[in-house]
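**Student:** Attaching a predicted model along with its sequence, questions to come.
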Amino acid sequence: MKKNIIAIIGGCGHIGFPLALKFAEKNFLTYAIDLNSKAIDILQKGNIPYKEDGAQLLLKKVLKKKKIFFTNDFKKIKLAKYIIITVGTPLKNGRPDMSYVFSVIKNLKNQISKSSSIILRSTVFPGTTRKIIKFLKKNKIYCRVSYCPERVAQGKSISEIENLPQIISSENKIEEKIINKLFRKICKKTSELTIEEAEYAKLFSNAWRYIKFGISNEFYMLCEHANLNYNKLLGVMKDNYPRNNELPHQGFAGGPCLPKDAVQLFSSSKKYSSLIKNAYIVNENLPNFIVNQAAKKIKLKNKNVCILGTAFKKDIDDERGSLSIKLIKLLKLRGAKVHVYDPFISKDVSLKKIMKICKIVFLGTPHTKFKKLNLKNKILFNCWGIKII
């Protein structure tokens, strides 16, 4: 085992891959371990399977230096001092599913030693880190555990890992210093918290953003119900009035993180999280509201309908948790013939052909490219508040 070797479990994913690149860039020998054989093959050849700014050039650089390897061989963990876990924690039946994290922990038994450092990077349900520490001790697996949550925006990870403060929490002060020193190799600043503080800080950060979207979406629906232009109101409300600066535009608040983390907080204490719960209800209901509003104005059954954008946010190629997918299902339930185009995902689909047969258009994702589309002769349902020609 060498101190300059790192194993990242889930190393081909949206969180593990950029982190692996940053450590490899700083000359750590990095093993990105994953079960996704397709992604492993793509990355080992020097290509990237999804959009991530700055990743392509950095990948070529660290592959050339032989500082990064993509593999499904979990035995490589034995070589590493630091084992970073970045596997997903999705919702299952409306509750956070920690089974992937615990499955990894159970499989580490024969791969780690007393000098190993396990670092949880996945977003976890409050109390999970302590449970893992107890589990390891109960099974006589002696190593040290830290929780250092990711804080990046997808697509901007390479830059944000370096420029955003990294939260460090460990089971003791000695390990905290070791992990702090490790992360200071790839970032400019670190912040130390207890494990419990770190778990809640991560969830609070995402829940705060999610609640802000919920407030704006509720205002938008109230204005639509009252036949008012919310975008006009929002513009005046924010014009030279800094108290309203943090009020975002309305739109779909989906993705693999924000809704999930809101549910995790609600599940952790239902008595004290009614605001979070209601934000979830508001945000998840927006596609239903849009379809209902459209149905009041036009007949949807047997009509050719175009949905522009299926990614969960603009200018990325990830559909996980996208409310545009929910919008597709709702329109199909109304009998509409739905045609879908996303420039980052459905690249084999001709937008020109779709627009010829579709008079009705729903903006599912506000990709920058869509701002230049000429939709003057279309019936446009645009919940995002962005201007399109």
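**Tutor:** Here it is on my side, so go on. This is a predicted model, so every value here is computed, not measured. Residues are numbered from 1 along each chain as shown.
**Student:** Can you give me the pLDDT of Lys372?
**Tutor:** The per-residue pLDDT reported for Lys372 equals 87.
**Student:** and it, how many neighbours does it have?
**Tutor:** For Lys372, the tally of surrounding residues (other C-beta atoms under 10 Å) stands at 8. To be clear about C-beta, it is placed using only N, CA and C from the backbone, and glycine gets the same treatment.
**Student:** Ok, Cys358 next?
**Tutor:** That count, for Cys358 with other C-beta under 10 Å as the rule, works out to 22.
**Student:** and if you look at the one 4 residues further on?
**Tutor:** Burial of Phe362, expressed as a neighbour count using other C-beta under 10 Å, amounts to 26.
**Student:** what about Asn240, neighbour count?
**Tutor:** Summarising burial for Asn240: neighbours were counted as other C-beta under 10 Å, giving 5.
**Student:** Work out for me the element Lys3 sits within.
**Tutor:** Taking DSSP states H and E as the criterion, the element that holds Lys3 is strand 2-9.
**Student:** same for the helix or strand that that strand is followed by, what does it pack against?
**Tutor:** Using DSSP H and E, the helix or strand that directly follows strand 2-9 along the chain is helix 16-25. Contact analysis of helix 16-25 by 3 or more C-beta pairs under 8 Å, 6 or more residues apart in numbering; DSSP states H and E lists strand 2-9, strand 29-33, helix 55-64, strand 68-71, helix 157-163 as its packing neighbours.
**Student:** Pairing partners for the first one, with directions?
**Tutor:** In the sheet containing strand 2-9, its partner strands are strand 29-33 (parallel), strand 80-85 (parallel), by DSSP bridges.
**Student:** tilt between the last one and helix 16-25?
**Tutor:** Spelled out, it's strand 80-85. 160 degrees (axes from the mean of the first three to the mean of the last three C-alpha atoms, to 10 degrees).
**Student:** what do you get for the shortest one?
**Tutor:** With the same axes, to 10 degrees as the criterion, the two stretches strand 29-33 and helix 16-25 enclose an angle of 170 degrees.
**Student:** Show me where this protein has its strands.
**Tutor:** In the chain, the strands defined using DSSP state E lie at 2-9, 29-33, 68-71, 80-85, 91-92, 95-96, 117-120, 144-147, 166-170, 190-192, 304-308, 337-341, 360-363, 379-381.
**Student:** wait, which of these is closest to Ile42?
**Tutor:** Ile42 lies closest to strand 68-71 among the strands of the chain, at 8.6 Å (C-beta to C-beta).
**Student:** related to what we said a few turns ago, save the strands of the chain as JSON lines, and put in mean pLDDT too.
**Tutor:** As requested, those are arranged in JSON lines below (pLDDT from 0 to 100):
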{"stretch": "strand 2-9", "mean pLDDT": "91"}
{"stretch": "strand 29-33", "mean pLDDT": "98"}
{"stretch": "strand 68-71", "mean pLDDT": "98"}
{"stretch": "strand 80-85", "mean pLDDT": "96"}
{"stretch": "strand 91-92", "mean pLDDT": "76"}
{"stretch": "strand 95-96", "mean pLDDT": "71"}
{"stretch": "strand 117-120", "mean pLDDT": "96"}
{"stretch": "strand 144-147", "mean pLDDT": "96"}
{"stretch": "strand 166-170", "mean pLDDT": "98"}
{"stretch": "strand 190-192", "mean pLDDT": "98"}
{"stretch": "strand 304-308", "mean pLDDT": "97"}
{"stretch": "strand 337-341", "mean pLDDT": "96"}
{"stretch": "strand 360-363", "mean pLDDT": "97"}
{"stretch": "strand 379-381", "mean pLDDT": "95"}
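**Student:** Can you verify my assumption that Ile345 contacts Ser322?
**Tutor:** No: checked against C-beta atoms under 8 Å, the pair Ile345 and Ser322 is beyond contact range at 9.8 Å.
**Student:** Kindly provide the distance from Ser274 to Ile195.
**Tutor:** When distances are taken as C-beta to C-beta, to the nearest Å, Ser274 and Ile195 turn out to be 26 Å apart.
**Student:** contacting residues for Lys189?
**Tutor:** If a contact means C-beta atoms under 8 Å, 6 or more residues apart in numbering, then Lys189 has 165-166 as its contacts.
**Student:** could you redo the last one with a cut-off of 6 Å?
**Tutor:** Taking C-beta atoms under 6 Å, 6 or more residues apart in numbering, we find Lys189 in contact with Pro165.
**Student:** May I have the phi/psi pair for it?
**Tutor:** When read as degrees, to the nearest 10, the backbone of Lys189 gives phi -150, psi 150.
**Student:** neighbour-wise, which of Ile345 and Ser322 wins?
**Tutor:** Neighbour tally, Ile345 and Ser322, criterion other C-beta under 10 Å: the higher count belongs to Ser322, 23 against 19.
**Student:** With that, I have no additional questions.
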